[in-house]
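>>> with the sequence up front, the predicted model follows.
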2 protein chains.
Amino acid sequence: MHFSDRANEYSARVESTLDLWIPANSVEPESLHRALRYAVFNGGKRIRPLLTYAAAEAIETAAEDVDPMAAAVELIHCYSLVHDDLPAMDDDDLRRGKPTLHKAFDEATAILAGDALLTLAFEGMGRADAPAAAIVELARAAGSSGMVGGQAIDLAFEATRPTRDSLEAMFRKKTGALIRAAVVMPAAHRRPDDPVRQALVDYSEAIGLAFQIVDDLLDIEGSTEEIGKPAGSDRDNDKATWPALFGVDTARGHAGELIAAAWTALERLPGSTDGLRWLGERIVRRTS
Amino acid sequence: MHFSDRANEYSARVESTLDLWIPANSVEPESLHRALRYAVFNGGKRIRPLLTYAAAEAIETAAEDVDPMAAAVELIHCYSLVHDDLPAMDDDDLRRGKPTLHKAFDEATAILAGDALLTLAFEGMGRADAPAAAIVELARAAGSSGMVGGQAIDLAFEATRPTRDSLEAMFRKKTGALIRAAVVMPAAHRRPDDPVRQALVDYSEAIGLAFQIVDDLLDIEGSTEEIGKPAGSDRDNDKATWPALFGVDTARGHAGELIAAAWTALERLPGSTDGLRWLGERIVRRTS
């Protein structure tokens, strides 16, 4: 049985954990809890949780041991989308074809809902008694030296034309860090120089960067319907993106090189790497 | 030696932990890290960390065991002030007599700095290998059923005149939950029905509510200079406060009853309760 057959089971696991963690709409304050569910149950593809389950397979760890990590990384991803869409940030009205949270509710609710989802990620990890090393891995990836820092650098880029190195450094933080955490958390309790842990780090860093490059390519090449937000919005906002700065062909080529590096890293893992390979392929071949 | 003599030592401990946890201004992204330090090293009185150290004394736990809890609860408090001051929330320009973060920097930086401080609280707890129960206690207090939920309810009150019960329920979440976490975290690993843990819960819930009532009284009675923000801003914003709804005398009386209940709870604690009593007195007698 191939990973693609198990992906539905893993998706169901993460939906179930998220549903268990997020208070019901009937719990006070009701409108905030409706907002949390609006932000999380939005048709997202759960790529980060699937990476966590695939990484668990690759190091021969049971799915139930990584359920909290899979749900937590998705909550962090969902909160980041809510805050990034805010008027003071990327100012987006649509997300996956639906009004963004601050449009569907209001701006204060969107700020608070993001805060609550971020907090819930750590509450859930704590309740499940997840290893402290996994909590640190996730928090470091999400914080000022990771995702939040990357968003701050990206916003600052609007005033300057970045170099390739500074653009790549920004991508590694903004989207790469959380993808890395999704993959590395199941092995976070191992020593930093453990070769299996290092193989996951190498795979995830390559995939993470490729993911962002493909995302930027989609913004140029996709239609509004396919990508669920106005096509060309990055260009219209004069955003720093790889294809905008170095051309579409160079960007595609670099994404291909990164994927090749990811496949090499997989050879150093003891368990089944079907899932990490399948997800890597989906990431570069996706059309939306 | 009385707790007031040790308070300086405890304050120094929490400043030192916070300084260690928050990346230096020279770490990329520099302006975000400057914003984190602006938000945290702002002359705050560190009441919540002092409560954590005082609670540790009351249950005969060493200060070094609660250093991460003290720093983490202060980070959560600081992040909440940054987000609450945002234009879409309370829209405040001054905090302790200085420009609020979104005025000193910009709105995007204030959103991201708040997110980063919240994340850092859990990264620090994880790095210090704090008990999972303490992480859960803090996250629950900070999240949608605690502080964030209280802020959501408070914003919704602007449209309706709350009852005393609903106002009290809001206060318990908005400011009470985090004060409770500050006090209870050192005993969070004990069973929920442990009498010592319960005494800390009873003390902290009474003090937390009294703290909010005194805060609202200060807004009415204090001067702009004393409270570091425009006096009467709650009234001008037509905010739901205890004195606004039930009168200043009733509010003062209720605060006094709560403090009496807090003193009773202290009798059930095995260690020195000097600190919890001294802090409780400071909370009700403060003029700013």
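Cool, got the structure.
>>> what about the strands in chain A?
Secondary structure of chain A by DSSP state E: the strands cover A:94-95, A:98-99.
>>> including distance to A:Val148 and mean pLDDT, could the ones you listed go into JSON lines?
In this view, the C-beta of every residue, glycine as well, is placed from N, C-alpha and C. Below are the strands of chain A laid out as JSON lines (distance: least, CB to CB, whole Å; pLDDT from 0 to 100):
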{"stretch": "strand A:94-95", "distance to A:Val148": "19", "mean pLDDT": "94"}
{"stretch": "strand A:98-99", "distance to A:Val148": "24", "mean pLDDT": "96"}
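>>> what's the closest of the ones you listed to B:His33?
strand A:94-95 (29.1 Å; CB to CB).
>>> give me the sheet partners of the closest one and which way each runs.
The sheet places strand A:94-95 alongside strand A:98-99 (antiparallel), with pairing taken from DSSP bridges.
>>> if I pick A:Glu15, what's in contact with it?
A:Glu15 sits next to A:41, A:46 when contact means CB atoms under 8 Å, 6 or more residues apart in numbering or on different chains.
>>> could you measure from it over to B:Ala181?
A:Glu15 sits at a distance of 30 Å from B:Ala181 (criterion: CB to CB, to the nearest Å).
>>> residue contacts, the residue of the stretch 151-288 of chain A found nearest chain B?
The minimum distance from the stretch 151-288 of chain A to chain B, using CB to the nearest CB, falls at A:Ala152 (4.3 Å). Going by CB under 8 Å, 6+ apart, A:Ala152 touches A:144, B:29, B:31-32, B:108-109, B:112.
>>> identify the farthest-apart pair in the residues you listed.
In terms of CB to CB, the contacts of A:Ala152 reach their longest pairwise distance at A:Ser144 and B:Ala108, which sit 13.7 Å apart.
>>> who has more neighbours, these two?
The residue with more neighbours, out of A:Ser144 and B:Ala108, is A:Ser144; 28 against 21, by other CB atoms under 10 Å in any protein chain shown.
>>> need the pLDDT of the nearest residue in space to A:Leu18 that is not next to it in sequence.
For A:Leu18, ignoring the flanking residues on the chain, the nearest one in space by CB to CB, 6 or more residues apart in numbering or on different chains is A:Ala71 at 5.2 Å. Note on A:Ala71: pLDDT of 98.
>>> repeat for A:Thr287
pLDDT, A:Thr287: 56.
>>> next one: A:Asp85
Here, the pLDDT recorded for A:Asp85 equals 97.
>>> phi, psi of it?
Main-chain dihedrals, A:Asp85, degrees, to the nearest 10: phi -80, psi -10.
>>> what about it, distance to B:Glu281?
Counting by CB to CB, the gap from A:Asp85 to B:Glu281 is 46 Å.
>>> between these two, tell me which one has more neighbours.
Neighbours per residue, other CB under 10 Å: of A:Asp85 and B:Glu281, the larger number sits with A:Asp85, 23 against 13.
>>> the more buried one contacts A:Glu107, doesn't it?
No: with contacts counted by CB atoms under 8 Å, A:Asp85 stays clear of A:Glu107, the gap being 10.3 Å.
>>> quick one: the helices in the stretch 101-250 of chain A?
Here the stretch 101-250 of chain A has its helices, by DSSP state H, counting those that start in this stretch, at A:101-104, A:107-127, A:132-142, A:147-157, A:164-171, A:177-184, A:195-221, A:224-227, A:233-236, A:242-246, A:248-266.
>>> could the strands of chain A go into CSV alongside mean neighbour count?
Shown next, in CSV, are these (neighbours: other CB atoms under 10 Å in any protein chain shown):
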stretch, mean neighbour count
strand A:94-95, 18
strand A:98-99, 14
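>>> do you know which of those lies nearest B:Pro270?
Nearest to B:Pro270 among these is strand A:94-95; the distance by CB to CB comes to 52.9 Å.
>>> quick one on the thing from earlier: quick check: the residue nearest to A:Leu18 touching A:Glu123?
No: with contacts counted by CB under 8 Å, A:Ala71 stays clear of A:Glu123, the gap being 10.9 Å.
>>> more neighbours: these two, which one.
Comparing A:Ala71 with A:Glu123 by other CB under 10 Å, the one with more neighbours is A:Ala71, at 29 against 26.
>>> quick one, what contacts that one?
A:14, A:17-18, A:21, A:49, A:121, A:124.
>>> for A:Leu245, give me its contacts.
A:161-162, A:164, A:167.
>>> kindly report the same for A:Val284.
A:Val284 sits next to A:210, A:214, A:255-256, A:259 when contact means CB under 8 Å, 6+ apart.
>>> repeat that with 7 Å
By CB atoms under 7 Å, 6 or more residues apart in numbering or on different chains, the contact list for A:Val284 reads A:210, A:214, A:255, A:259.
>>> same question for A:Leu209.
Counting by CB under 7 Å, 6+ apart, A:Leu209 has contacts A:168, A:171-172, A:176, A:258.
>>> now, of those, which are buried?
For those, a burial check counting by 16 or more other CB atoms under 10 Å in any protein chain shown picks out A:168, A:171-172, A:176, A:258.
>>> quick one: which of the residues you listed is nearest to B:Val40?
Of the buried ones among the contacts of A:Leu209, the one sitting nearest to B:Val40 (CB to CB) turns out to be A:Arg172, at 26.0 Å.
>>> for chain B, see how far away A:Cys78 is.
For A:Cys78, the distance to chain B equals 13 Å [CB to the nearest CB, to the nearest Å].
>>> contacting residues around that residue?
By CB under 7 Å, 6+ apart, the contact list for A:Cys78 reads A:39-40, A:117.
>>> before we move on, what about A:Met69?
With CB under 7 Å, 6+ apart as the criterion, the residues that contact A:Met69 are A:52, A:130, A:134, A:185-186.
>>> can you list the residues of the stretch 51-200 of chain A near chain B?
Counting by CB under 7 Å from any CB of the partner chain, the stretch 51-200 of chain A comes close to chain B at A:83, A:86, A:88-89, A:107-109, A:111-112, A:115-116, A:118-120, A:122-123, A:126-127, A:129, A:132, A:135-136, A:139-140, A:142-145, A:148-149, A:151-153, A:155-156.
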